[in-house]
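Colleague: Next input, structure requested:
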Amino acid sequence: MSNLKLKTVTKSFGKAEVIHGIDLDIHDGEFIVFVGPSGCGKSTLLRMIAGLEDITSGDLFIGERRMNEVQAAKRGVAMVFQSYALYPHLTVRQNMGFGLKVRKEKPDTIARKVDDAAKTLQLEKLLDRYPRELSGGQRQRVAIGRAIVGDPDVFLFDEPLSNLDAELRVHMRAEIAALHGRLGNTMIYVTHDQIEAMTLADRIVVLRDGLIEQVGTPKELYAHPDNVFVAQFIGSPKMNVCDAGAVAPALEAAGVAVGDADRIGIRPEHLRMVADGGILTGKVILSEYTGGSSLLHLTVEGAGTFLVLAEGQEAPVPGVSIGLSFDPSNLHRFDKDGLTLRQQALVD
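Modeller: Have a look, this model is predicted:
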């Protein structure tokens, strides 16, 4: 079994505590993504699971075995780093089999496992090349292949795609998702890119300042964020959030309840431009054309800048005032502490 459990796990560097009592259950075969801004502790948490950082307090279990004092090499995990970490003087075949050679596996066993991994990752034709002869995506596949041949219970990925260009990142995302589908191993993936998190994860763990803000499926975090931070971190472009008082008269005049909300939020893709009327009115200050759509920046009186995702080839030009409407069910309400207010009723 490759389920993981973290129980009140903390990490301190000297007097500075950077991980503050993490509790998390990861199920066998799950694809879990740790996501959050730089400095939130996601890579530190991954390195603690890998055994590359000591756990200051708390417990880590993989299966039923407590792993706090177990050496990294004996935890049944394999890690793929942001840098490919390939030996430049070894061929692809030798890089992939190096760990098995160190463990003194038989040569025929090494060859079989390397060939199987190469077939899985479509590296058969590259086995005799050196890293300098490979593209960035190919090098990353070799690094993943090196992890596969060790037959780990758990794969750990630390921002493995951040060194790749945008097109290649999309391609490698699909390859990693397909790999998880074929292997079925538990995978834990660290990224600061919430698009990667949304497209890859069975569940996402959103971290901030060494604490878990929310755990859930991509759809749960998008539709039902627990607080303002998660609401604005998950989704691209980020959610519009403003003081409820600034827009309360307009919303309530349109039959939309503000209730006890201190702040309200609405996603750019849920706002619709209307020719007449509308719940809110904004003036376009910037229009960013992206091909199939445009991202509009509008000033809404008293509420600051709003983003609106306008589909199609045509979009209003700067200086034009437009009406905005939305389905009231898509409005998010937050209290003074930034926590979500649930089940606010609509005004009749």
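
Colleague: In this protein, which residue is most central in space?
Modeller: Centre of the chain computed as the mean C-alpha position; nearest residue by Cα atoms, centre = their mean is Ala197, 2.7 Å away.

Colleague: so after the host helix or strand of that one, what's the next helix or strand?
Modeller: Applying DSSP states H and E as the criterion places Ala197 in helix 194-200. The element immediately downstream of helix 194-200 (helix or strand, assigned by DSSP H and E) is strand 203-208.

Colleague: Dump that following strand to CSV, keeping only the CA atoms.
Modeller: Presented in CSV, the C-alpha positions along strand 203-208 are these (Å, rounded to 0.1, in the frame of the first residue of the first chain):
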residue,chain,number,x,y,z
ARG,A,203,-7.0,16.5,-5.3
ILE,A,204,-5.2,19.8,-4.7
VAL,A,205,-3.6,20.9,-1.5
VAL,A,206,-3.5,24.7,-1.4
LEU,A,207,-0.7,25.9,0.9
ARG,A,208,0.1,29.4,2.3
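
Colleague: lowest average confidence, helix or strand, in this structure?
Modeller: Within the chain, no helix or strand scores below helix 166-183, which has a mean of 86 by mean pLDDT, DSSP states H and E.

Colleague: what comes up buried for that one?
Modeller: In terms of neighbour count (16 or more other Cβ atoms under 10 Å), helix 166-183 has its buried residues at 168-169, 172-173, 176, 179-180. For every residue, glycine as well, the C-beta is placed using N, CA and C.

Colleague: same question, stretch 318-326
Modeller: For stretch 318-326, by 16+ other Cβ under 10 Å, it's 322, 324, 326.

Colleague: repeat for stretch 144-160
Modeller: Along stretch 144-160, the positions that meet the burial threshold by neighbour count (16+ other Cβ under 10 Å) are 144-150, 152-160.

Colleague: Just name the closest of these to Asp337, please.
Modeller: Asp337 lies nearest to Glu159 out of the buried residues of stretch 144-160, by Cβ to Cβ, at 31.1 Å.

Colleague: give me every residue that touches that closest one.
Modeller: The neighbours of Glu159, taking Cβ atoms under 8 Å, 6 or more residues apart in numbering as the test, are 43, 82, 190-192.

Colleague: between those, which has the most around it?
Modeller: Using other Cβ atoms under 10 Å as the neighbour criterion, Val190 leads the contacts of Glu159 with 26 neighbours.

Colleague: Please read off the pLDDT at it from the model.
Modeller: Confidence at Val190, expressed as pLDDT, is 95.

Colleague: in which helix or strand would I find it?
Modeller: Using DSSP H and E, Val190 maps to strand 186-191.

Colleague: do the same with Gly145
Modeller: Secondary-structure assignment from DSSP H and E places Gly145 in helix 136-149.

Colleague: residue ranges with poor pLDDT in the protein?
Modeller: For the chain, applying pLDDT under 70 flags the ranges 1, 343-348.

Colleague: What are the contacting residues of the helix holding Ala197?
Modeller: Residues outside helix 194-200 that contact it (Cβ under 8 Å, 6+ apart): 31, 33, 35, 161, 169, 173, 176-177, 189, 191, 204, 218, 222, 233-236.

Colleague: now swap in stretch 221-236 and tell me
Modeller: Under the contact criterion Cβ under 8 Å, 6+ apart, stretch 221-236 has outside partners 35-37, 194-195, 197-198, 204, 206, 208, 213-214, 216, 218, 238-239, 241, 263, 265, 267, 332, 334, 338-340.

Colleague: got the buried residues for it?
Modeller: 221-222, 225-235.

Colleague: now the end-to-end length of that stretch.
Modeller: Across its full length, stretch 221-236 reaches 13 Å between end residues, using Cα to Cα, to the nearest Å.

Colleague: ditto for stretch 153-163
Modeller: One end of stretch 153-163 sits 26 Å from the other (Cα to Cα).

Colleague: Which stretches in the stretch 201-348 of the chain count as strands?
Modeller: Assignment of strands within the stretch 201-348 of the chain using DSSP state E, counting those that start in this stretch yields the ranges 203-208, 211-216, 240-243, 263-266, 272-274, 280-289, 293-300, 304-311, 321-325, 332-334.

Colleague: on contacts alone, who are the packing partners of the third one?
Modeller: Using 3 or more Cβ pairs under 8 Å, 6 or more residues apart in numbering; DSSP states H and E as the contact criterion, the secondary-structure elements in contact with strand 240-243 are helix 228-233, strand 263-266, strand 304-311.

Colleague: Reformat these as JSON lines; add distance to Gln138.
Modeller: Putting the helices and strands packed on strand 240-243 into JSON lines (distance: least, Cβ to Cβ, whole Å) gives the following:
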{"stretch": "helix 228-233", "distance to Gln138": "32"}
{"stretch": "strand 263-266", "distance to Gln138": "42"}
{"stretch": "strand 304-311", "distance to Gln138": "35"}
